[in-house]
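1. okay, predicted coordinates and the sequence, questions at the end:
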Amino acid sequence: MQISSQEIIFLIGLTSLIFLIAPLFLIIYVASYNRKKKKHQEEKLLMQKTYENELLKTQIEVQEQTLKTIAYDLHDNIGQLLSITTITLSSIDLNNTDKSAEKLAFIDELTTRSIKEVKALSRLLHGEELVNRGLAAAIEFELEWLQRSDKFKINFEKRDFGTFNPDSGQETILFRLFQEIINNIIQHAKATEIFITLEQIENSFKLTIRDNGKGFNVEETLKRKSGMGLHNITKRAAMINGTAFINSAPESGSEIIITIPY
C-alpha cells in the first residue's frame, strides 16, 4: 500500500506541529512552575515575617505584663510594708524601753520582708530569662505571684512534660497566651479556683486552663467587641500551628485548651 503525497505532507506537517507545540507547552509549564514557586517563596517569607513580628510583639507584651506585676507589687505590697515601717518608727517612744524594743523587733521583721520582696522583684525583672528556663518554670513563677493575692486556689499539674525547641519562639508565645488567659480570669471570671494542666500527649503539647467562675456564652462573646481577646488567643495559637478550644457557659466556669504540635 503506497502513501500518497498528500498524506506524506500531512504527516510531515503534523510532526512539525508536534515538535513546535511540545517546546511551547514545556516553556509554558516551566514559566507556570516558576511563578508558583516564586509565589510560594513570597508567601513563605511573608509568613516568616508575620511570625517574627508576632513573636516580637509577644515578647514586648510579656515584658509589659512583668512591669505591671512589678508596679502592682511595689504599690500594694512593698509600699505597704515601708509605710508600716515608717509609721512604726515615728511611734517609738524612747522613754518606754520595753515598747521601743518590741517595735524595733517588728521593724526588723518588716525590713527583712521588704528585702525578700525586692529580691523577688529582681527575679521577676528577668522575665525573658525565666521563659528561657522553660515554659513550666515560667508558669510556676507566675502562679507564685498570683497565689500571693490569696484570692485564688491554684492547682497546677505537669504530666510528662518536656521542652520545646529553644529557637522556635513557641514557648514565648504560649507563655503569653497563658498570661492573657489568666488575666481574663482575674478581671472577668469572678473565680475562686484556677486549674492549670501542662502535658505532652503523643506528638503535641497541651495547655489546659480551667476556672470555676461565672462563665460566658462563647458564640455571643465572639460576636461582640469584647470577644477580641478570644479571637487573639485563637490567632496566636494558629501562629505556632496550634489550636485553641474555648468551652464555657453561663454559671459553669470556663475552659481553654491550647494544643501545639511537637
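-> Structure's in. What do you need?
2. check the offset of the host helix or strand of Ala101 from the chain's centre.
-> In this structure, Ala101 sits in helix 97-125 according to DSSP states H and E. Once both centres are worked out by Cα atoms, centre = their mean, to the nearest Å, helix 97-125 turns out to sit 35 Å from its chain's centre.
3. and if you look at stretch 193-201?
-> Averaged C-alpha coordinates place stretch 193-201 at 15 Å from its chain's average position (Cα atoms, centre = their mean).
4. neighbouring contacts of it?
-> Outside of stretch 193-201, the residues within contact range by Cβ atoms under 8 Å, 6 or more residues apart in numbering are 135-136, 139, 143, 146, 152-162, 178, 182, 185, 205-212, 262. C-beta: built from backbone N, CA, C; applies to glycine.
5. one more time with 7 Å, if that's ok
-> 136, 139, 152-162, 185, 206-212, 262 (Cβ atoms under 7 Å, 6 or more residues apart in numbering).
6. helices or strands up against the helix holding Ala101?
-> helix 5-73, helix 79-90 (3 or more Cβ pairs under 7 Å, 6 or more residues apart in numbering; DSSP states H and E).
7. hmm, 8 Å instead?
-> Helix 97-125 sits against helix 5-73, helix 79-90, helix 135-147, with contacts defined as 3 or more Cβ pairs under 8 Å, 6 or more residues apart in numbering; DSSP states H and E.
8. report the buried residues of the last one.
-> Going back to what we said before, that points to helix 135-147. Neighbour-count burial for helix 135-147, counted by 16 or more other Cβ atoms under 10 Å, picks out Leu135, Ala138, Ile139, Glu140, Phe141, Glu142, Leu143, Trp145, Leu146.
9. so which bits of the helix holding Ala101 are buried?
-> Lys103, Ile107, Leu110, Ser114, Glu117, Ala120, Leu121, Leu124.
10. where do the helices sit along the stretch 151-262 of the chain?
-> In order along the chain, the stretch 151-262 of the chain carries the following helices (DSSP state H, counting those that start in this stretch): 170-184, 218-223, 228-239.
11. give me whichever of those helices is most buried.
-> Sort these by mean neighbour count, taking mean count of other Cβ atoms under 10 Å, and helix 170-184 sits at the top with a mean of 22.
12. may I have that one as PDB, with CA atoms only?
-> What follows is the C-alpha trace of helix 170-184 in PDB, where atoms were taken according to Å, rounded to 0.1, in the frame of the first residue of the first chain:
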ATOM      1  CA  GLN A 170       6.800  28.700  70.600                       C
ATOM      2  CA  GLU A 171       7.300  28.800  74.400                       C
ATOM      3  CA  THR A 172       7.300  32.600  74.500                       C
ATOM      4  CA  ILE A 173       4.000  32.800  72.600                       C
ATOM      5  CA  LEU A 174       2.500  30.000  74.600                       C
ATOM      6  CA  PHE A 175       3.600  31.700  77.800                       C
ATOM      7  CA  ARG A 176       1.900  35.000  76.700                       C
ATOM      8  CA  LEU A 177      -1.300  33.000  75.900                       C
ATOM      9  CA  PHE A 178      -1.200  31.700  79.400                       C
ATOM     10  CA  GLN A 179      -0.700  35.200  80.800                       C
ATOM     11  CA  GLU A 180      -3.600  36.500  78.700                       C
ATOM     12  CA  ILE A 181      -6.000  33.800  79.800                       C
ATOM     13  CA  ILE A 182      -5.100  34.200  83.500                       C
ATOM     14  CA  ASN A 183      -5.600  38.000  83.200                       C
ATOM     15  CA  ASN A 184      -9.000  37.400  81.700                       C
END
